Structures are given as C-alpha cells and as structure tokens.
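Colleague: here is my input, please return the structure:
(chains A and B)
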Protein chains: 2
Amino acid sequence: MATTDKASTRDRLLDAAGELFYREGVSIGVEALCRTAGVSKRSMYQLFTSKDEVLAASLARQLPAYEAQLAPDTQDAAPPRERILRVFERLEKASAEPAYQGCPYLAALVELKDPEHPASAVARGAKEWMKGFFRARAEEGGARDPELLARQLMLVFDGASARSGARVETLDGLAVATVTALLDAGGVKHGVK
Amino acid sequence: MATTDKASTRDRLLDAAGELFYREGVSIGVEALCRTAGVSKRSMYQLFTSKDEVLAASLARQLPAYEAQLAPDTQDAAPPRERILRVFERLEKASAEPAYQGCPYLAALVELKDPEHPASAVARGAKEWMKGFFRARAEEGGARDPELLARQLMLVFDGASARSGARVETLDGLAVATVTALLDAGGVKHGVK
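Modeller: Residues are numbered from 1 along each chain as shown, chains lettered A, B, ... in the order given. A predicted model of the protein is given here:
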C-alpha cells in the first residue's frame, strides 16, 4: 500500500509538472507545482531532491509517448523517405492543436540556458533520438550524406516547432514542402526500402 | 540635467535588461534587474509601469543593431541570392561566440508563451522584418514562390539559432548548405540583381 501511494504521488507530481512546465515555462515555482499536483512539498522532497529533478523526470517520462507520436512505426514497411516525411506530417498535425506550444524538449533547452541542468540532458537525448531516426532513414534511402541531411532535417523540425508553437507561423504543408526539397537535394530515393 | 539623468537611468536599465534576459531568461526578477543596473526600484517604476514593459523596451532597443548585424547592406549591390546567404553566414559566425544563446527574439517568444505580452509583439516584429527581407530578396532573385521560400528560410534561421544557441548543434556551414539547397529548389538565380 505504501508503495502504491508513493507511485501515485510520483505520477501526480510528474503529470502536473509536465503540463505546467509546458504551458507556463520552466520557471514555474515549487509551490504552484505542488498545489496543482495536490501533493505536499514534504512529499515532493521525499521523492526528488529538487524541482530541477522533477522537471528532468517529467521530460524523461514523456519521451516514449513523444517518440511514439512522431515515429510510431519502428518496424514500418514504408520506404525511408516516406517515414521521414511522416514525422513532419505528424508535427504539422500536432502544431494545429490549440494547446500546442512547440516541442517541449526544444523549449526546455531554450529556457534553461544551462547545458548542465539535468533536464537539459534529457532534452538533448530526445533531440539525439530524432536525429538518429532521420540519419538511419537517410542511409536506408541512399542519401549522399546521411549525417548532413539528418542535421538539416533537425533545423527544419526545431524551426517549425518553435515558430508554430509561438504562433508566428502556421505550418499547413510548409515543413513537408521544405523537407521534400531537402530530401530531393540530398539524393534520397523514392520508394526504396 | 534631470532629463540627462533620466535618459541615463533608462539606458542603464535597458542595457542590464537586455543582457540579463538574454543570459538568464525572461523570468529574471525585478530585484536582480535593478541591482544589476544600479537603479532603484522606485526609479524603474517612474520610467516603466512593469517588468514586462522593460523587457519589451529592451528588445525594441536592440532591434536596429540586430538588423544591422545580420543584414547591414540595405543598399547593397550584391545579387539577392548572395544577400540571403550572407545573413546565414553572419548567423553562423555569431553562433560561434561563447556567449551566443540563440536569437533573442525567438527566445522571448518561446519563453513568454503569451502572444499578448508586450515583448512578444516586439519579437514578432523582428521576425516579420527578417521574413520581409528574405521575401524581397527572393522576389528580386526570381524565386517561383517568394513567400513560400521566405517562410522556409525562417524555419532554417530559427531552427539554426535555437539549436546552436542550446549547444546541440555547431553550424559551421550547415545553415548555409541548407539554405543553398532551398534557394536552388526555389528557383533563385545566381548573379541576378
């Protein structure tokens, strides 16, 4: 029973943290966090040494869902070029939601400023995962320089998520068109599996 | 004399604000801001109604220097394609500085979350200026769809500034290579003036 209680306190705290940090930014205070989660500060500090650790844990906890949302098909039979484009189609779809405020991992990196922050490390991991996905697909698709192409796609992904999240851009085909041009320029073939 | 004092208090406040907000983020407090500027809170509130207004005024004040740094040559004789590429060369150069933390206007938009914040309006203006610069050059250079190309270049600019500012990417030719591919795909000619 004590174990269950602890697990549920942890879950409530991380759920509230994920939502609050995303909506209001990483500078949200411990008071507001515990109030939203319905958890006492004492309970929070029994589970985590600091707010920074709560932020890092909440970003780490969202990672599998984030990856599944953007690239759910690890064993997908679709050609590599299509698999890359689908990530951007999904980004465009997500960015049209009213609550969308950009990629939470990029936001954490921009807001925290500090590469040593535990949440920055989690965010870098999320970015590395995506770059690795692009690089592997670029290789399978016959790109001339898979590493360069993966880095270019990350510029577009992060630019598109930041700009649409900040409401200075409505993607609506823009990211897909941009990526199509870069895949063509990079020599990624159509229909190769 | 009183006018000069006021001007210098305002300058000190805006200089400190620009530096602090850039280095530590928009959540920096009024106390820290006034301490760094060497200005009393009373003096600050004589000049500005809120910290939000200080932030907006400091971003607005930096704008001419920002524009001159990235695109100094409003009457430049260089071909439009070169003028676009030069913005990205300058971005790459700036991003190699140790203190670089990305574009301050994109950071403000990401951090503030609130499109109604007075500083968000200034930041959107900075982004609009740059998009307008790209669009005008794309038209002069014979792009098939100048508006689409300008929006693509903004994705690359903001992605490149955010990623290099967060130290997850070292540009070193990456932004220029990406933009070159997009200019080619968009039909921007070489050497047209």
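Colleague: do you know how far residue A:123 is from residue A:114?
Modeller: 11 Å (CB to CB, to the nearest Å). In this view, the C-beta of every residue, glycine as well, is placed from N, C-alpha and C.
Colleague: wait, what's in contact with whichever residue of chain A sits closest to chain B?
Modeller: Closest residue of chain A to chain B, CB to the nearest CB: residue A:159 (2.9 Å). Residues near residue A:159 by CB atoms under 8 Å, 6 or more residues apart in numbering or on different chains: B:154-160, B:162.
Colleague: need those in CSV with distance to residue B:104, pLDDT and secondary structure, can you?
Modeller: Output for the contacts of residue A:159, formatted as CSV (distance: CB to CB, whole Å; pLDDT from 0 to 100; DSSP: H, G, I helix; E, B strand; the rest coil):
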residue, distance to residue B:104, pLDDT, secondary structure
B:154, 16, 98, helix
B:155, 18, 98, helix
B:156, 18, 98, helix
B:157, 13, 98, helix
B:158, 12, 98, helix
B:159, 16, 98, helix
B:160, 15, 98, helix
B:162, 12, 98, helix
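Colleague: so what's the gap between the worst-scoring helix or strand of chain A on mean pLDDT and the chain middle?
Modeller: Across the helices and strands of chain A, the lowest-confidence element by mean pLDDT, DSSP states H and E is helix A:2-24, at a mean of 86. Centroid separation for helix A:2-24 versus its chain: 19 Å, with CA atoms, centre = their mean, to the nearest Å.
Colleague: next: stretch A:157-164.
Modeller: Stretch A:157-164 sits 11 Å away from the centroid of its parent chain (CA atoms, centre = their mean).
Colleague: list the buried residues of it.
Modeller: Neighbour counts using 16 or more other CB atoms under 10 Å in any protein chain shown place A:157-164 of stretch A:157-164 among the buried residues.
Colleague: now swap in stretch A:162-175 and tell me
Modeller: A:162-169, A:171, A:174-175.
Colleague: so which of these also contact chain B?
Modeller: A:162-163, A:165-169, A:174-175 (CB under 8 Å from any CB of the partner chain).
Colleague: okay, these in JSON lines with secondary structure next?
Modeller: Shown next, in JSON lines, are those (DSSP: H, G, I helix; E, B strand; the rest coil):
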{"residue": "A:162", "secondary structure": "helix"}
{"residue": "A:163", "secondary structure": "helix"}
{"residue": "A:165", "secondary structure": "helix"}
{"residue": "A:166", "secondary structure": "coil"}
{"residue": "A:167", "secondary structure": "coil"}
{"residue": "A:168", "secondary structure": "coil"}
{"residue": "A:169", "secondary structure": "coil"}
{"residue": "A:174", "secondary structure": "helix"}
{"residue": "A:175", "secondary structure": "helix"}
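Colleague: out of the residues you listed, which is nearest to residue B:17?
Modeller: Minimum separation from residue B:17 among those (CB to CB) is found for residue A:166, which lies at 20.5 Å.
Colleague: residues touching the closest one, list them.
Modeller: A:101-102, B:106, B:109-110, B:115, B:120.
Colleague: and for residue A:107?
Modeller: A:22, A:25-26, A:101, A:165, B:110.
Colleague: from residue B:96, how far out is it?
Modeller: From residue A:107 over to residue B:96 (counting by CB to CB), the distance is 24 Å.
Colleague: what do you get for residue A:58?
Modeller: 33 Å.
Colleague: between these two, which is the more surrounded one?
Modeller: Neighbours were counted for residue A:58 and for residue B:96 using other CB atoms under 10 Å in any protein chain shown; residue A:58 has more, 24 against 12.
Colleague: coming back round to it: tell me which of the buried residues of stretch A:162-175 is nearest to residue B:50?
Modeller: Once CB to CB is applied, the member of those that ends up nearest residue B:50 is residue A:166, at 21.3 Å.
Colleague: what's the closest non-adjacent residue to residue A:140?
Modeller: Closest residue to residue A:140 apart from its sequence neighbours, by CB to CB, 6 or more residues apart in numbering or on different chains: residue A:80 at 4.1 Å.
Colleague: that neighbour contacts residue A:135, doesn't it?
Modeller: No: using CB atoms under 8 Å, residue A:80 is not in contact with residue A:135, being 10.6 Å away.
Colleague: check which element follows the helix or strand where residue A:109 lies along the chain.
Modeller: Using DSSP states H and E, residue A:109 maps to helix A:104-112. Remark: after helix A:104-112, the chain's next helix or strand is helix A:118-140, criterion DSSP H and E.
Colleague: so that next one versus helix A:104-112, what angle?
Modeller: Orientation check (axes from the mean of the first three to the mean of the last three CA atoms, to 10 degrees): helix A:118-140 against helix A:104-112 gives 140 degrees.
Colleague: got the contact list for helix A:118-140?
Modeller: A:26, A:52-53, A:55-56, A:59-60, A:63, A:66-67, A:70-71, A:80-81, A:83-84, A:87, A:105-106, A:108-109, A:112, A:114-115, A:146-147, A:149-151, A:153-154, A:157-158, A:186, A:188, A:192-193, B:163, B:166, B:168.
Colleague: filter the residues you listed down to the buried ones.
Modeller: A:26, A:52, A:55-56, A:59-60, A:63, A:66, A:70-71, A:80-81, A:83-84, A:87, A:105-106, A:108-109, A:112, A:146, A:149-151, A:153-154, A:157-158, A:186, A:188, B:163, B:166, B:168.
Colleague: and chain B, is the helix or strand encompassing residue A:64 touching that?
Modeller: Secondary-structure assignment from DSSP H and E places residue A:64 in helix A:51-70. No: judged by CB under 8 Å from any CB, helix A:51-70 and chain B are separated, with a smallest distance of 12.9 Å.
Colleague: starting at the chain centroid, how far to that helix?
Modeller: So, by CA atoms, centre = their mean, the centroid of helix A:51-70 is 8 Å from its chain's centroid.
Colleague: got the angle between that helix and helix A:118-140?
Modeller: Using the same axes, to 10 degrees: helix A:51-70 against helix A:118-140 is 20 degrees.
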